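J.: Got a predicted structure plus its sequence, pasted below:
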Amino acid sequence: MSENYRNFKENGKKIIAVCRNYKGLVAAQGIQNPEKPILFMKPTSAYISEGQDIKIPLGCKLLYHEVELGVVISKRCSNISPSDASDYIGGFLLALDMTAKDFHIEAKEKSRPWFLCKGFDTSCPASGFIDKEKLSNYSDTRLWLKVDGVTKQNCSTSDMIFSVPEIISYVSKYFTLEVGDVILTGTPAGSGPVHAGQTIECGLADIAAMKFAVVELN
Ligand SMILES: CC(=O)CC(=O)C(=O)O
Ligand SMILES: [Mg+2]
């Protein structure tokens, strides 16, 4: 059987991301839980791997980190139910949804799309493929992130508002999911600024960890 999804950075066609999916984050912002998942997309050109740097995009003065659990789709599917969703999970990844926060604030104020603030080059640092057998407890696993050794995010995926199967099902009602596509499941509380010269380290329980330097564009 072809397992092209393992090489999701080369073979996947899209990265679909959910936002405001953690109870603690939504409570901290003083807003109600969303009634349905809120979605946006990142291009696959946003991927980088350990050893490459996160580059602050042109004109950005406020870059934010967001650690997230990603799900890799193993089979083409659409309109699937939450109870069938696990059949389409190939595995997982640890990812950062880097966000140009100043561009994001401007986009929200002016009702503009989020493509620039979320999709710039290097905005999706990602681990390698994690076998689904290694992460059978994906609905209650620890996600953490440190900036220069100081913990900024530390939360269990059990604090998600919409579960991984619910998210896959919802997304698949609107978008055909293809082999190697990735769904980022949202960031927990504690997202915040990072600056050139700083180092971000993050991890998924004791299963995956990765480290990235933040640098000016040139
Ligand atoms: C506004 C955001 O950056 C939301 C987001 O991406 C999230 O994960 O929550
Ligand atoms: Mg995010």
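T.: Looks like it arrived, so ask away. Residues are numbered from 1 along each chain as shown. Ligands and ions are numbered 1, 2, ... in the order given.

J.: Residue 137 versus the closest residue to ligand 2 within the chain, what's the distance?
T.: For the chain and ligand 2, the shortest gap (C-beta to the ion) falls at residue 97, measuring 3.4 Å. Every C-beta, even on glycine, is put in place using the N, C-alpha and C of the backbone. In this structure, residue 97 lies at 22 Å from residue 137, with C-beta to C-beta, to the nearest Å as the measure.

J.: if we can go back for a sec, give me the number of residues near the residue of the chain closest to ligand 2?
T.: Using other C-beta atoms under 10 Å, residue 97 is surrounded by 26 other residues.

J.: lowest confidence element among the helices and strands of the protein?
T.: None of the helices or strands of the chain scores lower by mean pLDDT, DSSP states H and E than helix 23-28, at a mean of 85.

J.: In that one, which residues have enough neighbours to count as buried?
T.: 23, 25-26 (16 or more other C-beta atoms under 10 Å).

J.: Tell me the one among these nearest to residue 144.
T.: For the buried residues of helix 23-28, the closest approach to residue 144 (C-beta to C-beta) belongs to residue 25, at 14.9 Å.

J.: what does this protein put close to ligand 1?
T.: Where the chain comes near ligand 1, counting by C-beta under 6 Å from any ligand atom, the residues are 17, 19-20, 66, 97, 99, 186-187.

J.: contacting residues for the residue of the chain found nearest ligand 1?
T.: Closest contact between the chain and ligand 1, by C-beta to the nearest ligand atom, is at residue 19 (3.2 Å). By C-beta atoms under 8 Å, 6 or more residues apart in numbering, residue 19 lies in contact with 38-40, 186-187.

J.: Please indicate which of those residues are buried?
T.: Buried subset of the contacts of residue 19 (neighbour count, 16+ other C-beta under 10 Å): 40, 186-187.
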